[in-house]
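*Asks:* build me a structure from this.
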Amino acid sequence: MNQRATLWFIVLLLTAVGLGTAVLRHTVTGLPWLPGEHRDLWLVEARVDFVALGEPVTVSLSIPDEIPGFTRISEQAASPGYGFALTGDQGDRRAEWTRREALGRQSLYFTASFLPEEGPAPGIEESVPEPEPVFWGDAEVTAATDLIAGARSTSSDARSLAREICNRFLAGGQNAALLRARNEDHAGLLDRLMRDAGLSTREVMALTLEDARRRQVLSALLEVHDGRRWLLVDPQRGIIEAPEDLLLWHRSENALLDVTGGRDSRLSFSMIRQSLPAEQIATEQHGDSLFATLGVHRLPIEEQSMFKLLLLLPLGAAAVVFFRVLIGLQTSGTFMPVLIALVFLQTSLLPGLVSFVSVVILGLLMRGYLSHLNLLLVSRIAALIVLVIFIISLLSIVGYQLGISTGMVITFFPMIIIAWTIERLSILWEEEGPRDVLMQGGGSMLVAIAAYLLMKARLVQHLTFNFPELNLVLLALILAMGQYTGYKLTELHRFAALRNRPES
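*Replies:* Numbering: from 1, shown residues only. The predicted model follows:
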């Protein structure tokens, strides 16, 4: 493989790795591609009220684990004076409060946040219990048998059988009306019908989500297994395919709330819908993933701020390569425009530009005087550094007195680089004249402004900080531009005569 083919292989490899890693990070962590995206998050608070009897108190509350259609983001308890622990295993998680002695009315709080999932909820692999036998009264057996027989005749599998039973139960026919009149617990009645038809069922407790609601209670619902997954059944609405407004809180056979050492216990819920940045939710939700470990979000805030600027440097470098290699602009120093652009990011563009030009012009005037003293190069540069510091200090003091704090932004510039820039421009003035000084100085300013506008873009800052692997794509682009040996854009005017020459 020759050298050119090797380079292009590296370019393609870097591009594939950078884009592939970014897509994988987005898929695994949910980090958004665009800044400013928000997602709805439900904050649910469970409140347990009871009267303590002056004895040791143990309160055990069933809390959700795997929830169809939702992802649990965080959970915490507020229980002053009580010990708290999460107990149980998968399928039977419980929040447990304990206290050696308590007397009088008590209130305990458990708060959890839930993120609605996009798309259909995945099925959860778990054991399916065999349907228990059902016993009907003499007046109910005929109605139940006829209702199930009618549903079975118009169904083809477990799923359609469950749907037909629900439809006939809600339709209010003669058989359904007889059964509903003799059973006040409609969820329990529907459960018995499903089990009598040979379907596996289980009772669940769900919370209806409504924004800014207080003192809500759980509703008794039913789940029926269709042979592949559990379907949620509401006695008032039938089968619910995508329960966006229902949060399944309790699915275990154990008690929902168990209070020892107290009486008159009551469980209620309050909820509120919040709109949070998708980036914040993804960071909290996947804080333990490999991408979070390899990212910068775990670093201290001060270091994150530093990396936010540092990760913009490859974009500025690519802008310099583009303008110098393809456009043909001349700059004073190879990457001085990138440093200027970084300073502009700390302030607004115009004050930083005025400050930089002022320092360079004053430095050139002083450099012109130093050239008459016949100093050695090292002494001249050292003297320039001292003079530049005095110029910056003077501009900062004057700006402060005038109420213009932006006069101090120039202090972010590396003093040595400014001194060398002044030295190079001065030598260029003496050797080539003021035209070349204006060309290189103006080119540096144009490239710096272009790099600043790119790095200032909110989308660019979002992508470089949250998807740092995209800098590999910029590296590939820089390598590709490094192979260009054709005419630059600023050179095309030299061949205008050839282009306009009439054909012979």
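*Asks:* contacts, neighbours, all on C-alpha from now
*Replies:* Noted.
*Asks:* what helices or strands is the biggest helix by length in the chain leaning on?
*Replies:* In the chain, taking DSSP state H as the definition, the longest helix is helix 3-29. Using 3 or more C-alpha pairs under 8 Å, 6 or more residues apart in numbering; DSSP states H and E, the elements in contact with helix 3-29 are helix 278-285, helix 471-481.
*Asks:* if you average pLDDT over the following helix or strand past that helix, what comes out?
*Replies:* Note on helix 3-29: by DSSP states H and E, the next helix or strand toward the C-terminus is strand 38-63. Across strand 38-63, the average pLDDT comes to 89.
*Asks:* tell me the strands beside strand 38-63, with direction?
*Replies:* When pairs are called by DSSP bridges, strand 38-63 turns out to pair with strand 93-116 (antiparallel), strand 257-260 (antiparallel), strand 262-277 (antiparallel).
*Asks:* in it, what counts as buried?
*Replies:* By 16 or more other C-alpha atoms under 10 Å, the buried positions in strand 38-63 come out as 41-53, 57-63.
*Asks:* over to stretch 318-335?
*Replies:* Quick answer for stretch 318-335 (16+ other C-alpha under 10 Å): 318-326, 328-332, 335.
*Asks:* repeat that for stretch 148-156.
*Replies:* Ile148, Ala151, Arg152.
*Asks:* for the closest residue to Ala102 other than its chain neighbours, give me its contacts.
*Replies:* Once flanking residues are discounted, Ala102 sits nearest to Gly54: 4.9 Å by C-alpha to C-alpha, 6 or more residues apart in numbering. Shown in contact with Gly54 (C-alpha atoms under 8 Å, 6 or more residues apart in numbering): Glu101, Ala102, Leu103, Gly104, Gly261.
*Asks:* switch those over to CSV; also include distance to Ala177.
*Replies:* Below are the contacts of Gly54 laid out as CSV (distance: C-alpha to C-alpha, whole Å):
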residue, distance to Ala177
Glu101, 51
Ala102, 49
Leu103, 49
Gly104, 46
Gly261, 44
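*Asks:* just the buried ones from the residues you listed, in ChimeraX syntax?
*Replies:* Here is the ChimeraX selection string for the buried members of these, based on 16+ other C-alpha under 10 Å:
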select :102,261
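*Asks:* tell me which of the contacts of Gly54 is nearest to Asp92?
*Replies:* Each of the contacts of Gly54 was checked against Asp92 using C-alpha to C-alpha; the closest is Gly261, at 22.4 Å.
*Asks:* against Pro56, how distant is the closest one?
*Replies:* 6 Å (C-alpha to C-alpha, to the nearest Å).
*Asks:* returning to what we had before: what's the closest of the buried residues of stretch 318-335 to Ser252?
*Replies:* Closest to Ser252, out of all of the buried residues of stretch 318-335 and judged by C-alpha to C-alpha, is Ala318, at 58.5 Å.
*Asks:* now the closest one. Nearest residue, chain neighbours left out?
*Replies:* Ile478 (5.8 Å).
*Asks:* can you give me the distance of that neighbour to Leu315?
*Replies:* Ile478 is 10 Å from Leu315, by C-alpha to C-alpha.
*Asks:* what do you get for Ala16?
*Replies:* 18 Å.
*Asks:* who has more neighbours, the two?
*Replies:* Neighbours were counted for Ala16 and for Leu315 using other C-alpha atoms under 10 Å; Leu315 has more, 21 against 16.
*Asks:* per-residue confidence at that one?
*Replies:* With respect to pLDDT, Leu315 has a value of 90.
*Asks:* pretty sure it contacts Ala457?
*Replies:* No - using C-alpha atoms under 8 Å, Leu315 is not in contact with Ala457, being 11.5 Å away.
*Asks:* circling back: how close does the residue nearest to Ala318 get to Arg192?
*Replies:* 70 Å.
*Asks:* with Val48 instead?
*Replies:* For Val48, the distance to Arg192 - C-alpha to C-alpha - is 31 Å.
*Asks:* what does Gln330 give?
*Replies:* 84 Å.
*Asks:* now do the contacts for Glu423.
*Replies:* Leu364, Arg367, Ile381.
*Asks:* let me see the ranges of the strands in the stretch 301-450 of the chain.
*Replies:* Using DSSP state E, counting those that start in this stretch, the stretch 301-450 of the chain contains no strands.
*Asks:* okay, now the unreliable bits of it?
*Replies:* Applying pLDDT under 70 to the stretch 301-450 of the chain flags the ranges 301-302, 346-347, 403-418, 420.
*Asks:* and the helices in it?
*Replies:* 301-310, 313-321, 336-346, 349-371, 377-401, 415-432, 434-456 (DSSP state H, counting those that start in this stretch).
*Asks:* distance to Glu210 added to these, as TSV?
*Replies:* Formatted as TSV, those follow (distance: least, C-alpha to C-alpha, whole Å):
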stretch	distance to Glu210
helix 301-310	36
helix 313-321	46
helix 336-346	44
helix 349-371	47
helix 377-401	54
helix 415-432	60
helix 434-456	40
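*Asks:* what's the closest of these to Leu86?
*Replies:* Going by C-alpha to C-alpha, the one of the helices of the stretch 301-450 of the chain nearest Leu86 is helix 301-310, 31.1 Å.
*Asks:* coming back round to it: let's have the strands paired with strand 38-63 in CSV, adding distance to Val388.
*Replies:* Shown next, in CSV, are the strands paired with strand 38-63 (distance: least, C-alpha to C-alpha, whole Å):
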stretch, distance to Val388
strand 93-116, 56
strand 257-260, 74
strand 262-277, 44
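*Asks:* and of these, who's closest to Leu402?
*Replies:* Going by C-alpha to C-alpha, the one of the strands paired with strand 38-63 nearest Leu402 is strand 262-277, 40.0 Å.
*Asks:* buried residues in that closest one?
*Replies:* In strand 262-277, counting by 16+ other C-alpha under 10 Å, buried: Gly262, Ser265, Leu267, Phe269, Ser270, Met271, Ile272, Arg273, Pro277.
*Asks:* strands of the stretch 151-300 of the chain, start to end?
*Replies:* 201-208, 213-216, 219-225, 230-234, 238-240, 246-250, 257-260, 262-277.
*Asks:* select, out of those strands, the one closest to Val11.
*Replies:* strand 262-277 (34.5 Å).
*Asks:* compare the strands paired with strand 38-63 and give me the one nearest Tyr82.
*Replies:* Once these are compared by C-alpha to C-alpha, strand 93-116 is nearest, at 5.2 Å.
*Asks:* strand 246-250 and the closest one, what's the angle between them?
*Replies:* Interaxial angle, strand 93-116 versus strand 246-250 (axes from the mean of the first three to the mean of the last three C-alpha atoms, to 10 degrees): 170 degrees.
*Asks:* just how off-centre is strand 93-116 within its chain?
*Replies:* 30 Å (C-alpha atoms, centre = their mean, to the nearest Å).
*Asks:* offset the numbering so it begins at 59, please.
*Replies:* From this message on, residue numbering opens at 59, which makes the last subject strand 151-174.
*Asks:* tell me the average confidence for it?
*Replies:* 90.
*Asks:* quick one, what contacts the closest residue in space to Phe380 that isn't next to it in sequence?
*Replies:* Distance criterion C-alpha to C-alpha, 6+ apart; nearest residue to Phe380, sequence neighbours excluded, is Met539 at 7.2 Å. Applying C-alpha under 8 Å, 6+ apart to Met539 gives the contacts Val379, Phe380, Val383, Leu384.
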